[in-house]
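A.B. asks: Here's a sequence, model it:
(one chain, ligands or ions: 1)
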Amino acid sequence: MITGKTKVLGVIGHPIEHSLSPVMHNAAIAQMNLDYIYLPMPVKPQDLALAVNGFAAINLQGFNVTIPHKQAILPLLSEISPIAQAVGAVNTVWRTDNFLWAGTNTDVEGFIAPLRTYKQDWSQTIALILGNGGAARAIVAGCAELGCAEIHVVGRNQMKLQEFSHSWINSPLTVNLQVHNWEELSRLIPQTTLLVNTTPIGMYPNVDSSPLSTDEMAHLGDGVIVYDLIYTPKQTQFLKQAKKLGAITIDGLEMLVQQGAVALQIWLQQPVPVDIMRQSLQQHLIK
Ligand code: NAP
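C.D. replies: As a prediction, the model looks like this:
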């Protein structure tokens, strides 16, 4: 029941109607029997500063940030974690002791969490990341945090690729990064040990598409981990192809759940029921 004492969390974005965050956060809050609610809050780009100032006035406890505000929110925060500075984007914001706002990027930890269940030593890993948009930045930071030996990013726009590459030069992270055109894939695939799709190719409704052909994927070596950031569908064509080759596969739903769990822990300062968050999303997506 919502009362005058109920504490409010939420997510800002534009549009926000399709956000899955309220589903998993409210499921966790209910399981923990806490007097909190997590709300979707549509905020237009031009209203961002107004909204964030207003949040302090209404005593909002914390919030997630999604497209198009992940970069624009940075100047409105009094503290930004080193990992969010490295990525250049914030997705989780909380109140500081002196009633200002601090931000971090939990996508990095969300990406890493399922990988850490497979091995601890990533120093021999050669990562290949398909796409160089917003999400790819968190994946590069995640691969650097893991300590991957090499990080290769493949993109289709030469200018954007160069900008992407330059943006890591003064990074606080040690990033052994090289950028490539898609034409170079056939050379890169045989040496890859972690392959990550950050493009939307294969996302609903284009569920039969894959960023790589079956022939291209056939050149992957044994024991490769193949990770797709897409969560609708959970089993993309890309992951189906990888499974057929015997690769370890990780879907985007797991990253979504794990980044949400890290954010909720920041706000509540206690362990959160990750299984309930995962189940709530799986059930919601089946509907
Ligand atoms: P974005 O900023 O738009 O980046 C998409 C990237 O994919 C860009 O580099 C784009 O290239 C490339 N791309 C798009 N269509 C392509 C095509 N047909 N061929 C080759 N490259 C193509 O999007 P984003 O925010 O990074 O998100 C990317 C995906 O990750 C989405 O599916 C999103 O749902 C998913 N995601 C999942 C999570 C999670 O928690 N699981 C978190 C974040 C994002 P150009 O720049 O040349 O257009």
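
A.B. asks: Quick one: mean pLDDT over the strand or helix carrying Phe63.
C.D. replies: Using DSSP states H and E, Phe63 sits within strand 62-65. Average pLDDT, strand 62-65: 98.

A.B. asks: quick one: the strands in the stretch 101-250 of the chain?
C.D. replies: 101-104, 126-130, 150-155, 177-181, 194-197, 225-228, 248-250 (DSSP state E, counting those that start in this stretch).

A.B. asks: which residue is nearest the centroid of this protein?
C.D. replies: Asp107 (3.4 Å; C-alpha atoms, centre = their mean).

A.B. asks: Contacts only, for the nearest residue to that one once chain neighbours are set aside.
C.D. replies: Spatial nearest neighbour of Asp107, chain neighbours left out: Ala138 (3.8 Å); criterion: C-beta to C-beta, 6 or more residues apart in numbering. (C-beta placed from N, C-alpha, C; glycine too.) By C-beta atoms under 8 Å, 6 or more residues apart in numbering, the residues touching Ala138 are 87, 89, 105, 107-108, 111.

A.B. asks: ok, Ala138 to Lys5 distance?
C.D. replies: In this view, Ala138 and Lys5 are 35 Å apart by C-beta to C-beta, to the nearest Å.

A.B. asks: Could you measure from the spatially closest residue to Thr214 that is not a sequence neighbour over to Ser209?
C.D. replies: Leaving aside its chain neighbours, Thr214 sits nearest to Gln241 (5.5 Å; criterion: C-beta to C-beta, 6+ apart). For Gln241, the distance to Ser209 equals 11 Å [C-beta to C-beta].

A.B. asks: Among these two, which residue is more densely surrounded?
C.D. replies: Remark: of Gln241 and Ser209, Gln241 carries more neighbours, 21 against 14, as counted by other C-beta atoms under 10 Å.

A.B. asks: so that one makes contact with Leu212?
C.D. replies: Yes: applying C-beta atoms under 8 Å, one finds Gln241 in contact with Leu212, separated by 7.2 Å.

A.B. asks: shared neighbours, those two?
C.D. replies: Counting by C-beta under 8 Å, 6+ apart, nothing touches both Gln241 and Leu212.

A.B. asks: Would you point out which residue of the stretch 51-200 of the chain is nearest the ligand?
C.D. replies: The minimum distance from the stretch 51-200 of the chain to the ligand, using C-beta to the nearest ligand atom, falls at Gly133 (1.8 Å).

A.B. asks: Could you give the number of residues near that residue?
C.D. replies: By other C-beta under 10 Å, the residues close to Gly133 number 12.

A.B. asks: Spatially nearest residue to it (excluding sequence neighbours)?
C.D. replies: Thr198 (6.5 Å).

A.B. asks: Quick check on that neighbour: phi, psi?
C.D. replies: phi -110, psi 10 (degrees, to the nearest 10).

A.B. asks: ok, it - how many residues close by?
C.D. replies: 27.

A.B. asks: Distance of it relative to Glu216?
C.D. replies: In terms of C-beta to C-beta, Thr198 sits 17 Å off from Glu216.

A.B. asks: Return the distance of the residue of the stretch 51-200 of the chain closest to the ligand relative to Phe164.
C.D. replies: In terms of C-beta to C-beta, Gly133 sits 9 Å off from Phe164.

A.B. asks: Spell out which residues are contacts of both of those two.
C.D. replies: Both Gly133 and Phe164 lack any common contact, where contact means C-beta under 8 Å, 6+ apart.

A.B. asks: any idea how far Thr193 is from the closest residue to Gly246 other than its chain neighbours?
C.D. replies: Spatial nearest neighbour of Gly246, chain neighbours left out: Asp222 (7.3 Å); criterion: C-beta to C-beta, 6+ apart. Separation of Asp222 from Thr193 (C-beta to C-beta): 10 Å.

A.B. asks: Comparing these two, which shows the higher neighbour count?
C.D. replies: Taking neighbours as other C-beta under 10 Å, Asp222 and Thr193 compare with Thr193 leading, 19 against 8.
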